[in-house]
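**Q** Sequence first, predicted coordinates after that:
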Amino acid sequence: MKLKVCGIRQQRQVVELDQLGIEYIGFIFYPSSPRYMLNGDIDAEWMRSASLNAKKVGVFVNETVEQVVEHIHQWGLDAVQLHGRETPTDCSRIRQYARVIKAFSIGNGMFEAYSCEPYFDAMDYALFDTQSEWHGGTGKKFDWTLIDWSKIKHSSFISGGIGEQDVIALTQLSSAHPVVEAVDVNSRFELTPGNKDLIKVTQFFNQIKLI
């Protein structure tokens, strides 16, 4: 299983995560987030030209297609993660410039898999996260059984309050549903918002690499 570490705001941690072999590094371009990357020390020119093995993922909420594309070019993003009301048409347009990870929020009720279907030809990955007004980073898990995984026909990320204690559950989920190819972590691996505990990240990464 692959790992995405989201909410990074420090250039030093970008380098350290890349050296660990983390596959995806997430940068939040949502001003209301406590992990808003423009409040960090990462320079756009540095990130655009940085030679990283990790994929640079920009996280957006209800930005226009033009704004997202501008950020792709400005920051050298490999992929974007869309957490708002973006339409399949929006995703298709953005996909001409970077890979698209479309996020779907799961609340307390049953999640209808058919809500993903219009996006299947417009995205590269689905991401399932806990529903909240903050669009992620809540530290809370949703009930994974709410999703009828047999109807998900796309490579997927699982997110929402995942921590070190979830390795066994992730192993079982991935074994039962191979479409779940990656895990997205954030607040459970922080010292403070936007500042990751790299010791915990390393330990977790070493465990999920075996899944």
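**A** Good, I have the coordinates. What you see is a predicted model; the values in this text were computed from it and never measured. Numbers count the residues shown, from 1 in each chain.

**Q** which residue ranges form the strands in the protein?
**A** Ranges of strands in the chain, per DSSP state E, are 2-5, 24-28, 55-60, 79-82, 99-106, 125-130, 156-158, 180-185, 190-192, 195-196.

**Q** Out of the ones you listed, which is closest to Lys141?
**A** Each of the strands of the chain was scored for nearness to Lys141 using Cβ to Cβ, and the closest is strand 125-130 (6.5 Å). Where you see a C-beta, it was placed from the backbone N, CA and C, and this is true even at glycine.

**Q** Please list all residues in contact with the residue most central in space within the chain.
**A** Here the mean C-alpha position of the chain is nearest to the C-alpha of Asp184 (Cα atoms, centre = their mean), at a distance of 5.2 Å. Contacts for Asp184 were tallied using Cβ atoms under 8 Å, 6 or more residues apart in numbering; they are Lys4, Cys6, Tyr24, Gly26, Leu127, Asp129, Phe157, Ile158, Ser159, Ile162.

**Q** which residues does it form a beta bridge with?
**A** Under DSSP bridges, the beta-bridge partners of Asp184 are Lys4.

**Q** what's the pLDDT at it?
**A** According to the model's per-residue confidence, Asp184 sits at a pLDDT of 97.

**Q** okay, the strands of the chain in JSON lines with distance to Leu173 next?
**A** Output for those, formatted as JSON lines (distance: least, Cβ to Cβ, whole Å):
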{"stretch": "strand 2-5", "distance to Leu173": "14"}
{"stretch": "strand 24-28", "distance to Leu173": "18"}
{"stretch": "strand 55-60", "distance to Leu173": "21"}
{"stretch": "strand 79-82", "distance to Leu173": "20"}
{"stretch": "strand 99-106", "distance to Leu173": "14"}
{"stretch": "strand 125-130", "distance to Leu173": "11"}
{"stretch": "strand 156-158", "distance to Leu173": "7"}
{"stretch": "strand 180-185", "distance to Leu173": "5"}
{"stretch": "strand 190-192", "distance to Leu173": "23"}
{"stretch": "strand 195-196", "distance to Leu173": "23"}
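
**Q** Could you list the low-pLDDT ranges of the protein?
**A** For the chain, the stretches with pLDDT under 70 are 108-110, 112-114, 132-139.

**Q** What's the local residue count around the nearest residue to Trp46 once chain neighbours are set aside?
**A** What sits nearest to Trp46 in space, not counting adjacent residues and going by Cβ to Cβ, 6 or more residues apart in numbering, is Gln11, at 6.5 Å. The local packing of Gln11 (other Cβ atoms under 10 Å) involves 15 other residues.
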